[in-house]
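K.L.:
can't give you the sequence, but here's the structure:
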């Protein structure tokens, strides 16, 4: 009986390994499953960060990661270690250079304030993408009358944290992997 179990386990491990290694050459199969590139971006909140290139401002310290999958959904996950007050009402917004809201993450992100920071949070947005199409948060263009435009009219994006109606902190969303 022991030999049968060992043989079965060996067979299953071999099949699993082989299926992970073998690439299917059919381009049609790959085109059906990859609508968008895998893209990774983050927003680093660091009040003591480098002063030369200001990537964040405000008292909040933490990290938020944006991961877009091949079908265009984006998982937002993060953690803040300090800078929050438990009695305050917070909003989490993706904004452009002009401060225009590109996407409001607040309701679905459900960030829980805990001991001056937050508990770890994550949410998969099926209606939010980074660079899958022209509606992607990294692809949207700012209004023409905005004075804070970067190259070719495309503006930088920021994750802005609003505390009781006014800006508390914000960090630039930086593309890491595409």
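P.N.:
Looks like it came in fine. Because the structure is predicted, anything quoted here is derived from the model rather than measured.
K.L.:
just the pLDDT for the spatially closest residue to residue 157 that is not a sequence neighbour.
P.N.:
With C-beta to C-beta, 6 or more residues apart in numbering as the criterion, residue 157 has its nearest non-adjacent residue at 4.5 Å, and that residue is residue 173. (C-beta placed from N, C-alpha, C; glycine too.) The predicted local confidence for residue 173 comes out at a pLDDT of 95.
K.L.:
so residue 173, which state does it fall into?
P.N.:
The local conformation at residue 173, judged by DSSP: H, G, I helix; E, B strand; the rest coil, is strand.
K.L.:
is it true that it touches residue 45?
P.N.:
No - the pair residue 173 / residue 45 is not scored as a contact, 11.4 Å apart, by C-beta atoms under 8 Å.
K.L.:
beta-bridge partners for the residue nearest to residue 157, please?
P.N.:
In this structure, residue 173 bridges to residue 43 when assessed by DSSP bridges.
K.L.:
now swap in residue 93 and tell me
P.N.:
Beta-bridge pairing of residue 93, defined through DSSP bridges, involves residue 104, residue 160.
K.L.:
show me the contacts for it.
P.N.:
The neighbours of residue 93, taking C-beta atoms under 8 Å, 6 or more residues apart in numbering as the test, are 101, 102, 103, 104, 105, 106, 159, 160, 161, 162.
K.L.:
helix or strand for residue 50, which one?
P.N.:
When elements are assigned from DSSP states H and E, residue 50 belongs to no helix and no strand.
K.L.:
tell me which residue is most central in the protein.
P.N.:
For the chain, the residue lying nearest the average C-alpha position, counting by C-alpha atoms, centre = their mean, turns out to be residue 66 (1.1 Å).
K.L.:
what's that residue in contact with, if anything?
P.N.:
For residue 66, the set of contacting residues under the criterion of C-beta under 8 Å, 6+ apart consists of 39, 40, 41, 42, 43, 74, 75, 76, 130, 137, 173.
K.L.:
does the fourth one touch residue 56 like I think?
P.N.:
No - applying C-beta under 8 Å, one finds residue 42 not in contact with residue 56, separated by 11.0 Å.
K.L.:
in TSV: the contacts of residue 93, plus neighbour count and pLDDT.
P.N.:
Listed next are these as TSV, based on neighbours: other C-beta atoms under 10 Å; pLDDT from 0 to 100:
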residue	neighbour count	pLDDT
101	11	94
102	20	94
103	19	95
104	14	97
105	20	98
106	15	96
159	26	97
160	19	97
161	26	96
162	19	95
